[in-house]
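**Q** need the 3D shape of this:
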Amino acid sequence: MYFATILTLLPLVLASPLVPRQSGNTRITSAYLNKLYEWRPDMPYSDGWGEVSAVPTSKAPNKVHSLIAYKLEPSDFGKTCNLRFDKPSISTGGLTFSIYDFKPTSGKTYDPKKACWNNKTGTRGQKFVTYKAGGKSNLAYSMPCPKDWINLELAPEGDVNMQWPQFDPIGLWLEVVQTSKPASAPAPAPKTIRIDTADQVQTREASGENGHGSMQFGEITRAAPGQTVTTLIAFVMPKEDYTKRKCVIMFGKASEATGSKTFLLYDFEPENGTNIFQSWRMSWKFKRGTRKGLRATHTVGSNKVTEFPCPKPGKGLNYELAPTAEKVSIKWNSTKDKEGLWMEVV
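**A** Numbers count the residues shown, from 1 in each chain. Below is the predicted model:
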């Protein structure tokens, strides 16, 4: 037996009361629930009942759709929203209906005082699902929770008549799964830490045993025979632990760069196991340490020279910058911004 839809239509608008959130998964009652009558196309109608029906009748048209709006909280964004449908008060026919996304003209929700068959105050969007009630699961559709509102249009499929009260735990309802974590923003990139030179000295082939240390000026030169100049540079890692990050040696601008504009970066090991070399004891003939393996070949014009996992806090890093076999002259003033060699923790 089919139950006919009530034909005495009074323009009513009912809104759901605000219900405090509870712990665990949250059940949300619709904020607005409107019925759209095909045979009363210009009348807004909301009596606290939802309905999807297309009952055979001697008079056509005969369909009833429902518009439903759920209001979400900001904390719900990114969680899982489940649309569930429990057996309604009236359920006859094939028990099948479709759930559509609904796009309100206002951008938030449809107008419950104006929405009717001929003027829904919005447009039907994509179909989410076609669902048949009364099966093993009451889960009709699952989706990520949006930021503010969920607006839906329910339409009958075939011969069906289902009706349910808005405020009873039956019919269509929304479940917010509280155990799901909201979508998180990407973690901010770690701050780049600049490490300036701890010591710097030039060794000049022409000076032999005489040192020419300068923390301000650096030089790499190969000119006439006997005129080669190298620069030794030392860095000391800060007391903070950056062992899980990358260290990058950078070379910025040069006050002079001629010839090949290319230099070689060697690891340097100070004598007697000192953390960094002692610049006041350095000269071309007595470098008080040993040049080790070649770490990088670099041409002035790009910034990154080489990178490697950062060593432990307080560790000294010693390097010798030497010319290639070609003629070259590279000079810099370390006191100027972005000039010469420095190190970064990235």
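**Q** which residues of the stretch 151-300 of the chain fall in strands?
**A** Remark: strands assigned in the stretch 151-300 of the chain by DSSP state E, counting those that start in this stretch are 160-165, 171-177, 193-195, 199-204, 217-222, 229-236, 246-251, 256-259, 262-270, 289-299.
**Q** what's the answer for the stretch 1-150 of the chain, then?
**A** Applying DSSP E, counting those that start in this stretch to the stretch 1-150 of the chain gives strands spanning 26-28, 32-37, 49-54, 63-71, 80-86, 90-93, 96-104, 122-132, 139-144, 149-156.
**Q** for those strands, give me TSV that also has distance to Lys312.
**A** Where you see a C-beta, it was placed from the backbone N, CA and C, and this is true even at glycine. Formatted as TSV, the strands of the stretch 1-150 of the chain follow (distance: least, CB to CB, whole Å):
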stretch	distance to Lys312
strand 26-28	49
strand 32-37	62
strand 49-54	66
strand 63-71	54
strand 80-86	44
strand 90-93	71
strand 96-104	56
strand 122-132	56
strand 139-144	44
strand 149-156	53
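**Q** among those strands, which comes closest to Thr324?
**A** Thr324 sits nearest to strand 139-144 of all the strands of the stretch 1-150 of the chain, at 57.5 Å, using CB to CB.
**Q** strand partners of the closest one, parallel vs antiparallel please.
**A** Applying DSSP bridges, strand 139-144 is found paired with strand 80-86 (antiparallel).
**Q** list the buried residues for the partner strand?
**A** 80-85 (16 or more other CB atoms under 10 Å).
**Q** average pLDDT across that strand?
**A** Averaging pLDDT along strand 80-86 yields 93.
**Q** of all the strands of the stretch 1-150 of the chain, which one is nearest Gly316?
**A** Proximity to Gly316 (CB to CB) singles out strand 139-144 among those, at 51.5 Å.
**Q** what angle do the closest one and strand 96-104 make?
**A** Calculated by axes from the mean of the first three to the mean of the last three CA atoms, to 10 degrees, strand 139-144 forms an angle of 30 degrees with strand 96-104.
**Q** so where is this structure shaky, pLDDT-wise?
**A** Along the chain, the parts satisfying pLDDT under 70 run over 1-24, 57-60, 168, 179-187, 211-213.
**Q** domain map for it?
**A** With domains defined by automatic domain parsing, the chain comprises 26-177, 193-345.
**Q** now do the shortest one: distance to the chain's middle.
**A** What that stands for is domain 26-177. Mean-position distance between domain 26-177 and its chain equals 33 Å (CA atoms, centre = their mean, to the nearest Å).
**Q** let me see the contact set for Trp342.
**A** By CB atoms under 8 Å, 6 or more residues apart in numbering, Trp342 lies in contact with 194-197, 249-250, 252.
**Q** output the residues you listed as TSV; include the columns distance to Val305 and neighbour count.
**A** Compiled in TSV, those are given as follows (distance: CB to CB, whole Å; neighbours: other CB atoms under 10 Å):
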residue	distance to Val305	neighbour count
Arg194	14	9
Ile195	14	19
Asp196	15	13
Thr197	14	19
Ile249	4	23
Met250	6	18
Gly252	10	14
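**Q** with distance to His65 added, can I get these in a markdown table?
**A** Below are the contacts of Trp342 laid out as a markdown table (distance: CB to CB, whole Å):
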| residue | distance to His65 |
| --- | --- |
| Arg194 | 64 |
| Ile195 | 67 |
| Asp196 | 71 |
| Thr197 | 75 |
| Ile249 | 68 |
| Met250 | 65 |
| Gly252 | 68 |
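**Q** now for these: which two are most distant?
**A** Greatest spatial distance among the contacts of Trp342 (CB to CB): Ile195 and Gly252, at 14.1 Å.
**Q** would you mind measuring from the residue lying closest to Leu33 once chain neighbours are set aside to Arg40?
**A** Among residues not flanking Leu33 along the chain, Gln166 sits closest, at 4.8 Å (CB to CB, 6 or more residues apart in numbering). Gln166 is 20 Å from Arg40, where distance means CB to CB, to the nearest Å.
**Q** quick one, which of those two is more surrounded?
**A** Shown here are Gln166 and Arg40; by other CB atoms under 10 Å, Gln166 has more neighbours (21 against 17).
**Q** coming back round to it: among the buried residues of strand 80-86, which one lies nearest to Glu339?
**A** For the buried residues of strand 80-86, the nearest to Glu339 is Thr80 (54.6 Å; CB to CB).
**Q** is that closest one bridged to anything, and to what?
**A** Under the criterion used here (DSSP bridges), Thr80 is bridged to Pro144, Val177.
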